[in-house]
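In: 3D, please:
(one chain, ligands or ions: 2)
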Amino acid sequence: MHFSDTICAIATPLGEGGIGIIRISGSDAKKIADAVFRPKRQHKRFASHHLYYGAILDPVDNTTLDDALMTIMIKPKSFTAEDVVEFHCHGGQLVLQRVLEVVLRQGARLAEPGEFTKRAFLNNKIDLTQAEAVIDLIRAKTDLSLRTARTQLKGQLSQKINLLQEGIVNLLVHIEAELDFSDEEDVASISDLEIEKRLQESNSETQRLLSTYEEGRILKEGINCIILGRPNVGKSSLLNLLLKEERAIVTPTPGTTRDIIEEIVNIKGIPLRLMDTAGLRETQDKVESMGIRFTMKRLESSQMVLFVVDIASNKFEEDIKILERIINKKIIVIGNKIDIADKKAQDSFRKIFKEMTQVEISALLDRGAEELRQTIYTEAMGQKVYELPDVIISNVRHKNTLEQASKAVAKAEEALKSKLSREFIAVELKEAIERLGEITGAVTTEDILDRIFSQFCIGK
Ligand SMILES: Nc1nc2c(ncn2[C@@H]2O[C@H](COP(=O)(O)OP(=O)(O)OP(=O)(O)O)[C@@H](O)[C@H]2O)c(=O)[nH]1
Ligand SMILES: [Mg+2]
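Out: Ligands and ions are numbered 1, 2, ... in the order given. Down below sits the predicted model:
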């Protein structure tokens, strides 16, 4: 595909930094570099993939805007498969803004969010799952989510999808040949049994991929996890324990925490969005009761609750009352202050919460933290704590589209069982092939592309 316009953007984050990069892509990129960049030493021409030191000038009055490094990447060996120029300037906002203005005046236009990556896709440098992996990679919060993004960026998910698709195409070819030339003798017919076997194979492969979604999504997006409990049981101490830093204020006075404190912690590769909250109790204090209202609101959008109980208190009626109101969440009951709890209190804690997942800790003395981390991980991932396969899906678009493909294959199986004409099977197979093509972007619409690339930042 050929784009007539040349796009440009500041590719580094806004703000002050060591360097700031202006990126230009398109047929005029070289011309613009010639117009605004003066290399320190004269060169006959700029070689591709080399760095040149020089100055960026405003061609109108020849004033120097910045000293910079310039590199040019001649098509098709560039990210977008077009000519790409990058200016590595000083990382000041005003400097970059000025350089950008000069580039714009040379005829480039400001890139839309994700437009460089979109061009890479439209120019067949990468497919759609790879383009999506770029954004996952940038946003990855833990090593595991980074690994998933990298695998996808390398194209391993697309390979899987293409393989699946090929299998179905192959079957379709057989069926159609038979439909078209059924009266000719030398066309090998395919038995119902063979069709059934192939459909089952493709379905189980699809299901296997789909079954990785829940974990994939958790690895990528993390889970919202709220710390709840009566006042003074050690909720803020627990947050600090998991964060390994003194983030929240801890005091012996009940009602210390009022605003919600939110931090991301890495629990064995899962990004956990951890929220410390105001202790739950009946209160006359206006500020505190507002805190409690915030807490209840945030509970709604949480998937997991760390419910903290003071074991040493050996009084759990209030805790049980609160617990009964929490429904549809993964709950871990955490018996805190084990360091000062006697045997009797410990026993009654274990007995009272025996139906629930429980962990005993001392947030003060840093005891039980490792067991708690393991429990959070197991609880988040469900019972499926095995080595995750290399290729997993973590994107809701992939999941929905894969489900549609799987439905079509299931319908083909039904048609076969009901002894319907093979034309019905062919229709469903075509549908499955189309849906799989949507995942890699072989089949796509402007609407799908807009939805994907609008999530990107400008300059990517
Ligand atoms: N002995 C002991 N004391 C603890 C432990 N964890 C917390 N504490 C103490 O309990 C008191 C309350 O701790 P916080 O972490 O502020 O409790 P909280 O649940 O956040 O309290 P509020 O924000 O007021 O609801 C502090 O004096 C802590 O030092 C523990 O494991 N053992
Ligand atoms: Mg607190």
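In: Assumed residue 72 was part of a strand.
Out: Yes: checked against DSSP: H, G, I helix; E, B strand; the rest coil, residue 72 lies within a strand.
In: How about residue 153: what's its closest non-neighbour residue?
Out: residue 133 (3.9 Å; Cβ to Cβ, 6 or more residues apart in numbering). Every C-beta, even on glycine, is put in place using the N, C-alpha and C of the backbone.
In: OK, contacts around the one you found?
Out: By Cβ atoms under 8 Å, 6 or more residues apart in numbering, the residues touching residue 133 are 149, 150, 152, 153, 157.
In: How many neighbouring residues does the first one have?
Out: A count of nearby residues for residue 149, using other Cβ atoms under 10 Å, gives 22.
In: Check the secondary structure at it for me.
Out: Secondary structure of residue 149, per three-state DSSP, is helix.
In: mind checking pLDDT for it?
Out: Residue 149 carries a pLDDT value of 92.
In: Contacts only, for it.
Out: Residue 149 makes contacts with 133, 136, 137, 140, 220, as judged by Cβ under 8 Å, 6+ apart.
In: what about residue 273, which helix or strand?
Out: Residue 273 belongs to strand 270-276 when elements are defined using DSSP states H and E.
In: which helices and strands does that strand pack with?
Out: Contacts defined by 3 or more Cβ pairs under 8 Å, 6 or more residues apart in numbering; DSSP states H and E place strand 270-276 against helix 213-221, strand 223-229, helix 235-243, strand 261-267, helix 369-381.
In: Is the longest one positioned near ligand 1?
Out: No: under the criterion of Cβ under 6 Å from any ligand atom, ligand 1 is not reached by helix 369-381; the shortest gap measures 10.9 Å.
In: Next, the buried residues of that helix.
Out: Residues of helix 369-381 classed as buried: 369, 372, 373, 375, 376, 377, 379, 380, 381 (neighbour count, 16 or more other Cβ atoms under 10 Å).
In: Where does the stretch 251-400 of the chain get nearest to ligand 2, which residue?
Out: residue 257 (3.1 Å; Cβ to the ion).
In: In PDB, could you pull the C-alpha coordinates for stretch 65-76?
Out: Taking C-alpha atoms only, stretch 65-76 is exported to PDB below (Å, rounded to 0.1, in the frame of the first residue of the first chain):
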ATOM      1  CA  LEU A  65      17.100  24.900  16.900                       C
ATOM      2  CA  ASP A  66      19.100  22.000  18.400                       C
ATOM      3  CA  ASP A  67      22.200  19.800  18.100                       C
ATOM      4  CA  ALA A  68      20.900  16.400  17.300                       C
ATOM      5  CA  LEU A  69      21.700  12.900  16.000                       C
ATOM      6  CA  MET A  70      19.900  11.900  12.800                       C
ATOM      7  CA  THR A  71      19.300   8.500  11.400                       C
ATOM      8  CA  ILE A  72      17.500   7.500   8.200                       C
ATOM      9  CA  MET A  73      16.000   4.100   7.500                       C
ATOM     10  CA  ILE A  74      15.400   3.600   3.800                       C
ATOM     11  CA  LYS A  75      12.300   1.600   2.900                       C
ATOM     12  CA  PRO A  76      11.400  -1.200   3.100                       C
END
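In: Torsion angles phi and psi at the residue nearest to residue 153?
Out: phi -70, psi -30 (degrees, to the nearest 10).
In: That one and residue 442, how far apart?
Out: In this view, residue 133 and residue 442 are 17 Å apart by Cβ to Cβ, to the nearest Å.
In: gap between the residue of the stretch 251-400 of the chain closest to ligand 2 and residue 366?
Out: Taken as Cβ to Cβ, the span from residue 257 to residue 366 is 20 Å.
In: so what's the residue of the chain found nearest ligand 1 closest to, chain neighbours aside?
Out: Residue nearest to ligand 1 within the chain (Cβ to the nearest ligand atom): residue 279, separated by 2.9 Å. Closest residue to residue 279 apart from its sequence neighbours, by Cβ to Cβ, 6+ apart: residue 231 at 2.9 Å.
In: Kindly report the same for residue 171.
Out: residue 198 (5.0 Å).
In: so that neighbour sits in a helix?
Out: Yes: assessed with three-state DSSP, residue 198 lies in a helix.
In: For it, give its distance to residue 310.
Out: From residue 198 to residue 310 the distance is 60 Å (Cβ to Cβ).
In: So for those two, which sits in the more crowded spot?
Out: Between residue 198 and residue 310, counted using other Cβ under 10 Å, residue 310 has the larger neighbour count: 22 against 19.
In: The lowest-mean-pLDDT helix or strand in the chain versus strand 223-229: what angle between them?
Out: One helix or strand of the chain scores below all others by mean pLDDT, DSSP states H and E: helix 286-300, with a mean of 84. Between helix 286-300 and strand 223-229, the angle comes out at 140 degrees (axes from the mean of the first three to the mean of the last three Cα atoms, to 10 degrees).
In: For the residue nearest to residue 171, which residues are in contact?
Out: 167, 170, 171.
In: ditto for residue 431
Out: The neighbours of residue 431, taking Cβ under 8 Å, 6+ apart as the test, are 404, 405, 408.
In: tell me which element it is part of?
Out: Take DSSP H and E as the rule and residue 431 turns out to sit in helix 422-440.
In: For that helix, buried residues please.
Out: Quick answer for helix 422-440 (16+ other Cβ under 10 Å): 422, 425-426, 428-440.
In: again, but for stretch 380-400
Out: For stretch 380-400, by 16+ other Cβ under 10 Å, it's 380, 381, 388, 391, 392, 393, 394, 395, 397, 398, 399.
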